[in-house]
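Engineer: got a sequence here, can you model it:
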Amino acid sequence: PFKSRNAEFPLGFFNAGLHSVWYVSKAQLMVCAPAKVGSSAIKGWLYRSLGGLDRNTDVHALSPSRWKQLGVDNWDWMSAKQRAAALLSPKVKRVALFRHPAARLNSAYEDKFACYRSGPTEAAFALLQQAGVPNKRARALLTCGTGGFSRVPLSFVIRLVDRAMNKKS
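Structural biologist: Below is the predicted model:
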């Protein structure tokens, strides 16, 4: 395994995002768009700009053959020779999308703790339980308050996540 200052990762951890690499041969463009950074929007844009006219198509459900008809390859579908050619060609433009960790944390907070969607999730309740918050108090904290959020401030969630990460190392 690979070791960093704070964690140990199995080697497969670093291959997890390779299925997020898309190659558009006509445009000589390679895009790495992992989950949670706008990959659905990027796939939708690719689909529509290359001839897939239906805006309601679930781009995650498209078959490899449909993507290939549009001239798009995924890293998982490419041979080692194709991968090397795309990576080493000076003509290929390469783009990697990423998201600032603070923006990602805020998005996750809104997704799990916000009341303006479907309300706080069971994941939010589980996080509070893991932190040792009694069930009755956790339910009270997750009751929707004014402003569209539960009564759990983001700073509290950050401390819980930090505490959990420090316990594991």
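Engineer: list the buried residues for the helix or strand harbouring residue 43?
Structural biologist: Assigned by DSSP states H and E, residue 43 belongs to helix 39-49. Neighbour-count burial for helix 39-49 flags 39, 42-44, 46-47 (criterion: 16 or more other CB atoms under 10 Å). (Each C-beta comes from the backbone N, C-alpha and C, glycine too.)
Engineer: and it, how far from the chain's centre?
Structural biologist: Relative to its chain's centre, helix 39-49 lies at 15 Å (CA atoms, centre = their mean, to the nearest Å).
Engineer: and what about residue 94, helix, strand or coil?
Structural biologist: strand (DSSP: H, G, I helix; E, B strand; the rest coil).
Engineer: shouldn't it be in contact with residue 28?
Structural biologist: No. Residue 94 lies out of contact with residue 28 (CB atoms under 8 Å); the separation is 9.9 Å.
Engineer: what segments of the protein are helices?
Structural biologist: Ranges of helices within the chain are 39-49, 64-69, 80-88, 101-113, 122-130, 135-141, 154-168, based on DSSP state H.
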